[in-house]
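K.L.:
here's my sequence, what's the structure:
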Amino acid sequence: MSIPSRWASRLPVLSYVLLAAYLILIAFRTHNDTTLALVVASVVMFACCWASATHLLGARPTLQFMAIAVCFGWFAEQMGSSHGWFFGEYTYTDVLGPRLGDVPIVIPLMWFSLTYSCYVIANLIVWQSPVDGAQGLGHAAVLSFLAAMIVTAFDLGADPYLVYTLKAWIMTKTDGAWFGETVQGFVGWMFVSFVIIMGFRLSVRKLALQPSSPFLRRHALVPLALYGSNMIFQMILGNPVEIRSIAPFAMGIPLLCALAGYQRWTAPARAAA
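P.N.:
You can find the predicted model right below:
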């Protein structure tokens, strides 16, 4: 599956426009964190990652990544909220907007946004390239585990904020060692993230991941900027207040390592034919 060249050439601009819109929305959230602001920001972040991934990976691989992330992400959250699988027992409130089953629609969209961003970050750390260079299953598993850890680093600050400040969901057990969060919750984040990213890598093993249009070095900064902006949000508004000191280390270390890899990366000279 390919997209017309006239549309492919517009993907970089579209990614930048959506990134700018997201940064404005996340700044607005610091003053007015309403359900509408949360939903719109999450949808814009999803659209930005969709455009960026289509530009970097191609249309077909991106659709496969999205399908795996959204479908398995929704399934994991549905099983978690209804049966206590993966993350422990919890119940979503109405804070995150409309639901599909027991799960707010924005949650599976966020699974794609986060796993795609962290897929790129992990690749930059190891391969000095935003595209996966792993050839064997062992390498793919290690890279998927690294990306899953980077996703979970985001969750270290996001979960307490969503529970304490926004009350987006209610945990049945509130005596966990991490501001009420149980170890099972983080094991669940690691497992679900790993399955999504490893599943994507397996699904494209026989596909050539090539950009839809010329992919310049600055284009790879889009997923890094999305991850970094959420780190800054946690540094400013993290709750409990300890999160504000944790975020720059938990999220900042992989982000800086990815930027170091980015400096060594040479972008492909041309797009796929």
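
K.L.:
backbone phi and psi for residue 181, please?
P.N.:
The phi/psi pair for residue 181 (degrees, to the nearest 10) reads phi -80, psi 140.

K.L.:
now it: closest residue in space, sequence neighbours ignored.
P.N.:
residue 159 (5.2 Å; CB to CB, 6 or more residues apart in numbering). C-beta coordinates here come from the backbone N, C-alpha and C atoms, glycine included.

K.L.:
residue 15 touches residue 56, doesn't it?
P.N.:
No - with contact defined as CB atoms under 8 Å, residue 15 does not reach residue 56; the gap is 9.3 Å.

K.L.:
any shared contact partners between those two?
P.N.:
residue 219 (CB atoms under 8 Å, 6 or more residues apart in numbering).

K.L.:
distance-wise, check residue 156 relative to residue 121.
P.N.:
Distance, residue 156 to residue 121, by CB to CB, to the nearest Å: 15 Å.

K.L.:
also residue 71?
P.N.:
23 Å.

K.L.:
now swap in residue 40 and tell me
P.N.:
Distance from residue 40 to residue 121, by CB to CB: 25 Å.

K.L.:
who has more neighbours, these two?
P.N.:
Shown here are residue 40 and residue 121; by other CB atoms under 10 Å, residue 121 has more neighbours (28 against 18).

K.L.:
check which helix or strand covers that one.
P.N.:
In this structure, residue 121 sits in helix 106-127 according to DSSP states H and E.

K.L.:
helices and strands around the helix or strand just after that helix, which ones?
P.N.:
Heading C-terminal from helix 106-127, the first helix or strand you meet, by DSSP H and E, is helix 137-164. Other elements packing on helix 137-164 under the criterion 3 or more CB pairs under 8 Å, 6 or more residues apart in numbering; DSSP states H and E are helix 106-127, strand 169-171, helix 183-203, helix 221-237, helix 243-250, helix 252-264.

K.L.:
export those as JSON lines, with columns for distance to residue 99 and mean pLDDT.
P.N.:
Shown next, in JSON lines, are those (distance: least, CB to CB, whole Å; pLDDT from 0 to 100):
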{"stretch": "helix 106-127", "distance to residue 99": "9", "mean pLDDT": "97"}
{"stretch": "strand 169-171", "distance to residue 99": "12", "mean pLDDT": "90"}
{"stretch": "helix 183-203", "distance to residue 99": "18", "mean pLDDT": "94"}
{"stretch": "helix 221-237", "distance to residue 99": "23", "mean pLDDT": "96"}
{"stretch": "helix 243-250", "distance to residue 99": "27", "mean pLDDT": "96"}
{"stretch": "helix 252-264", "distance to residue 99": "32", "mean pLDDT": "96"}
